[in-house]
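Undergrad: The following comprises the amino acid sequence and a computationally predicted model.
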Amino acid sequence: MNARLRSRWVPLAVLLTATACSGGGGSSQPTTTGTAAPPPTGGTVTIPLTLPFTSYNPNTPDTNTTSNTEVVNAVQPWVVKFDDHANLVVDPDLVTVTKTSDDPLIVDYAFHPAAVWSDGQPVGCDDVYLMWVADNGVVKDLATNTPIFQTFSTTGWDQIADVRCSGDGKTATVAYRSAFSDWKSLVAELLPAHVVAAHAGLASAAGIRTAYEGKDDAALHRIADFWNTGFLTEKGLDPTVLLSAGPYRISRIDGEDGVTLVRNEKYWGPRPPLDTIQFRTVTSEGVQAQALANHEVDVARILAPDADAVSQLMHIDGATLNLSAQYSFEHLDFNFQAPLFRDKAVRQAVADCVPRQEILDKLVKPVNGDAVLLQNRMFFPGQAGYADTSGGRYDHVDIAAAKATLEADGWKLDGGVYAKNGQRLEFGLLHKNVATRSAIAQLVQASCAAAGIAVDDDGDPTWTDRAGRGQFDLVSFAWIGSPLLSSQPSIYRTRVGVDNPGSNYGAYSNPDVDALMDVLATETDQQKLAEAANRADALLWDDVATIPLYQLPAAIAWTDHLHGVKPNPTYQGLTWNVETWTVS
């Protein structure tokens, strides 16, 4: 077989420079040799998912996964998406967005008159209103004073003072009580408000407005219950619930194995070329690469630095390979609910024994030789604002420092492992059962053992559920985001309740960081935003809240008969433009 590597590594610096200067370059698009006739309409594409499709609603802490987003990208109506250059693009076939005032900030969303859900009900203001009610954190349980809607982020939504609907329900006027730096990205995917209303026992979608404005506690709890769990796919496909207002609709769910999309006959926009899109759950990077080589899937994504899998993709004949940087990074997060990690000395000692450079050298550099340690959680190398806020701490393993820190805190060696007040310094490292994360766990385990710290390998296929519920000691995973700083508060701001952690799975809390997170949500001056972000990151290093490791590379390959694939560096995922793909 002939290796046909028709791409190159694209660092984020190149991505950002190209975007700023010419609107291009999010990920390199290789030049295909030869000429070909325009690809025909029709056909089927098979796409792997790294996790099962678990929910039509990817907005809760438990369901906020790239796999869920990639399925609903072409099913739900998206006001705005990130494109392959990490630019925000409004869907002109769905809505016209107009900012009518800066102070106060007021934005109108005028939906296309023909925009309907697949059951014929209109897409409009009530769907925006539902998102506001569910995501603003206002409605709380009277007994616990915690939000009853589960959402991974309230940022931006909690700054909206009001959502007003036009008489025909087709225009939503969103009025903010304070400036919001990233308002253009806030109203994105929509869920069918009339479905939620019906399952909450309300006569119409407008009943959600009535319940919210009238503070009808019983009705709001029913609405929240369906929002939280009614869109889960564990019971299979209910076509009256998992509706479409996009180019495709869900026609079949095969448990955790996959999901099938077909054209949405009610879609008012351009007819999508593909007849069928099949998603198949393939959690292992190596298996994805082999599946592409066997023509079992039409595209493969290696979103972890797996050199063997990337090498396999390079040697697939008749395929195009794209290597690019992502707005994504691997990190270790402490659980501050675990008594062991409330002790800062323990967190410092663990940070001293985590072999960050060895992890980078052994796992990442074989894929990207230019990779460096990530020294900032808010920005990536090459991005405007990036600075090393770590002060050089924890760049290299320092076993002596780890032991000295523990012993100064009263820990004593007992059989090779430190102990204090009858508690051994032993904990689990939760991670997904894939090669890269298992390797990270083994490297941390071996290094920290020398410091008298026992790390148990806690690989678990249900790690996402456990992480979202705070059921871990230390966890290894990756955030995938976007260039927007307003995504950071949901991760690092103090949680609003135990049962609604947002994205702050480890329950980290620092009032000074909270204040800076508020700046990230309200400040519009880019320099002040960067300054606030870097001050917050320095505090995160001081607190040893998390341990950033490295920026994730992505290797995406697709067969030459598939056209239109444009790898996306943000959380939007591979399928952000699947409605334009064709096969020949």
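TA: Thanks, I have the structure now. Numbers count the residues shown, from 1 in each chain.

Undergrad: And stretch 182-189, how far out from the chain middle?
TA: 15 Å (Cα atoms, centre = their mean, to the nearest Å).

Undergrad: what is the mean pLDDT for it?
TA: Here stretch 182-189 scores 96 as its mean pLDDT.

Undergrad: Mind listing residues that contact it?
TA: If you take Cβ atoms under 8 Å, 6 or more residues apart in numbering as the criterion, stretch 182-189 is touched by 58, 72, 76-82, 88, 97, 99, 105, 107, 109, 128, 131, 156-157, 172, 174, 176, 180, 482, 484-486. To be clear about C-beta, it is placed using only N, CA and C from the backbone, and glycine gets the same treatment.

Undergrad: swap the cut-off to 7 Å and go again
TA: 72, 76, 78-80, 88, 105, 107, 109, 128, 131, 156-157, 174, 180, 484, 486 (Cβ atoms under 7 Å, 6 or more residues apart in numbering).

Undergrad: swap in stretch 153-167?
TA: Here stretch 153-167 makes contact (Cβ under 7 Å, 6+ apart) with 125-126, 128-129, 132, 135-137, 172-178, 180, 182-183, 186, 486, 489-490, 502-503, 521.

Undergrad: and these, which are buried?
TA: Buried members of the contacts of stretch 153-167, counted by 16 or more other Cβ atoms under 10 Å: 125-126, 128-129, 132, 135-137, 172-174, 176, 180, 182-183, 186, 486, 489-490, 502-503, 521.

Undergrad: Sitting in helices, which of these do you find?
TA: Counted as lying in helices by DSSP state H, out of the buried ones among the contacts of stretch 153-167, are Cys125, Asp126, Val128, Tyr129, Trp132, Asp135, Trp183, Leu186, Pro489, Ser490, Ala521.

Undergrad: any idea which of the residues you listed is closest to Asp119?
TA: Asp126 (14.1 Å; Cβ to Cβ).

Undergrad: which stretches of the stretch 101-250 of the chain aren't confidently modelled?
TA: Filtered on pLDDT under 70, the stretch 101-250 of the chain yields no residues whatsoever.

Undergrad: which residues touch Gln278?
TA: Neighbour list for Gln278: Thr44, Thr46, Gly258, Thr260 [criterion: Cβ under 7 Å, 6+ apart].

Undergrad: Let me know the pLDDT of the last one.
TA: In this case it means Thr260. At Thr260, the model reports a pLDDT of 98.

Undergrad: next one: the second one
TA: The predicted structure scores Thr46 at 98 on the pLDDT scale.

Undergrad: Surely it is within a strand?
TA: Yes: using DSSP: H, G, I helix; E, B strand; the rest coil, the assignment for Thr46 is a strand.

Undergrad: what pairs with it across the strands?
TA: Per DSSP bridges, the residues bridged to Thr46 are Gln278.

Undergrad: Likewise for the third one?
TA: For Gly258, the beta-bridge partners are Asp254, Arg280 (DSSP bridges).

Undergrad: how about it, what does it touch?
TA: Gly258 makes contacts with Gln278, Phe279, Arg280, Thr281, as judged by Cβ under 7 Å, 6+ apart.

Undergrad: mind redoing it with 6 Å?
TA: Contacts for Gly258 (Cβ atoms under 6 Å, 6 or more residues apart in numbering) come out as Phe279, Arg280, Thr281.

Undergrad: Wait, the first one touches Leu51, no?
TA: No: checked against Cβ atoms under 6 Å, the pair Phe279 and Leu51 is beyond contact range at 10.8 Å.

Undergrad: Return the member of the ones in helices among the buried ones among the contacts of stretch 153-167 nearest to Arg437.
TA: The closest of these, once distances to Arg437 are taken by Cβ to Cβ, is Ser490, at 22.9 Å.

Undergrad: which ones are touching the closest one?
TA: With contact set as Cβ under 6 Å, 6+ apart, Ser490 has these partners: Ser153, Thr155, Gly502, Ser503.

Undergrad: Near Gly167, how many other residues are there?
TA: 6 (other Cβ atoms under 10 Å).

Undergrad: What helix or strand is the nearest residue to His431 once chain neighbours are set aside located in?
TA: Residue nearest to His431 in three dimensions, not counting chain neighbours: Arg437, with 3.8 Å by Cβ to Cβ, 6 or more residues apart in numbering. Per DSSP states H and E, Arg437 falls inside helix 435-449.

Undergrad: Roughly how far does the nearest residue to Gly459 once chain neighbours are set aside sit from Pro61?
TA: Of all residues not flanking Gly459 in the chain, Asn433 sits nearest, at 4.4 Å (Cβ to Cβ, 6+ apart). Asn433 sits at a distance of 21 Å from Pro61 (criterion: Cβ to Cβ, to the nearest Å).
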